[in-house]
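Q: Make a model of this:
(chains A and B)
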Amino acid sequence: GAVVSQHPSRVICKSGTSVKIECRSLDFQATTMFWYRQFPKQSLMLMATSNEGSKATYEQGVEKDKFLINHASLTLSTLTVTSAHPEDSSFYICSAGGGAETQYFGPGTRLLVL
Amino acid sequence: SQQGEEDPQALSIQEGENATMNCSYKTSINNLQWYRQNSGRGLVHLILIRSNEREKHSGRLRVTLDTSKKSSSLLITASRAADTASYFCATRRNTPLVFGKGTRLSVIA
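A: From the prediction side, this is the model:
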């Protein structure tokens, strides 16, 4: 099946710094990628839809200036958490659209902001 | 916004028993999918059932879908300790997948 990778798998940073998370589709091209966030023992919440070559679409309540998304190529989308704070600590998961039915999920990135 | 609501939130059973989890949703869908997530790990796609299907099987998994009630169930038969995980339903209707809150399943050996 299709593979989606994320890097890094885990990151610890100091409050106020920015963190970039990469999401790559390894064996297919993805014009659309999705970013989800998952707090401990909770479900996945869609943050934004990343569109190749255009601006991302953010869900209500997600600050676009804080969570910068860049989808510069058909195989790479990046999520940058700017000026991270402890409340941004979470598990971030990307997925790449595989057509009308399927989304392929990355393994996730655990962010801990101290 | 979250659409699916799983029931129960947590379930603890003995190895060998069957586990049933339910999911309800609010709007019309194209398909409904079930995922498993081990603690702190990524998602594993289990099964997809389309809106015009009523039942689907995959190994020890059985999924039903009742679009009139906007509900689905996931049955895991002959459970194993390795089935211990969180299980999420997710719905799709020309949109990204929308996940329910999940059921935490513990299978005790």
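Q: Let's verify whichever residue of chain A sits closest to chain B: helix, strand, or coil?
A: Closest residue of chain A to chain B, Cβ to the nearest Cβ: A:P107 (4.0 Å). C-beta coordinates here come from the backbone N, C-alpha and C atoms, glycine included. Using DSSP: H, G, I helix; E, B strand; the rest coil, the structure places A:P107 in coil.
Q: Tally up the residues packed near the residue of chain B found nearest chain A, please.
A: As assessed by Cβ to the nearest Cβ, chain A sits closest to B:G42 within chain B, at 4.0 Å. By other Cβ atoms under 10 Å in any protein chain shown, the residues close to B:G42 number 18.
Q: For the residue of chain A closest to chain B, which residues are in contact?
A: Going by Cβ atoms under 8 Å, 6 or more residues apart in numbering or on different chains, A:P107 touches A:S5, A:Q6, A:S9, A:I93, B:R41, B:G42.
Q: want to throw these into CSV with pLDDT?
A: CSV is the format used below for the contacts of A:P107 (pLDDT from 0 to 100):
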residue, pLDDT
A:S5, 94
A:Q6, 96
A:S9, 95
A:I93, 96
B:R41, 85
B:G42, 87
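Q: what two of these have the greatest distance between them?
A: Farthest-apart pair in the contacts of A:P107 is A:S5 and B:R41; separation 14.3 Å (Cβ to Cβ).
Q: so where's chain B uncertain?
A: Within chain B, the segments meeting pLDDT under 70 span B:1-4.
Q: Please name the nearest non-neighbouring residue to the residue sitting furthest away from the middle of it.
A: Distance from the centre of chain B peaks at B:A109, with 21.9 Å (Cα atoms, centre = their mean). Spatial nearest neighbour of B:A109, chain neighbours left out: B:A81 (4.5 Å); criterion: Cβ to Cβ, 6 or more residues apart in numbering or on different chains.
Q: For that neighbour, give me its contacts.
A: Contacts for B:A81 (Cβ under 8 Å, 6+ apart) come out as B:E15, B:V107, B:I108, B:A109.
Q: Now do it against B:L61, distance only.
A: 17 Å (Cβ to Cβ, to the nearest Å).
Q: swap in A:G16?
A: 46 Å.
Q: These two: which has the busier surroundings?
A: Comparing A:G16 with B:L61 by other Cβ under 10 Å, the one with more neighbours is B:L61, at 16 against 10.
Q: Pull the contacting residues for A:N51.
A: Counting by Cβ under 8 Å, 6+ apart, A:N51 makes contact with A:T31, A:T32, A:T57, A:H71.
Q: got the contact list for the last one?
A: Right, A:H71. Contacts of A:H71 (Cβ under 8 Å, 6+ apart): A:M33, A:S50, A:N51, A:E52, A:G53, A:S54, A:A56, A:S77, A:T78.
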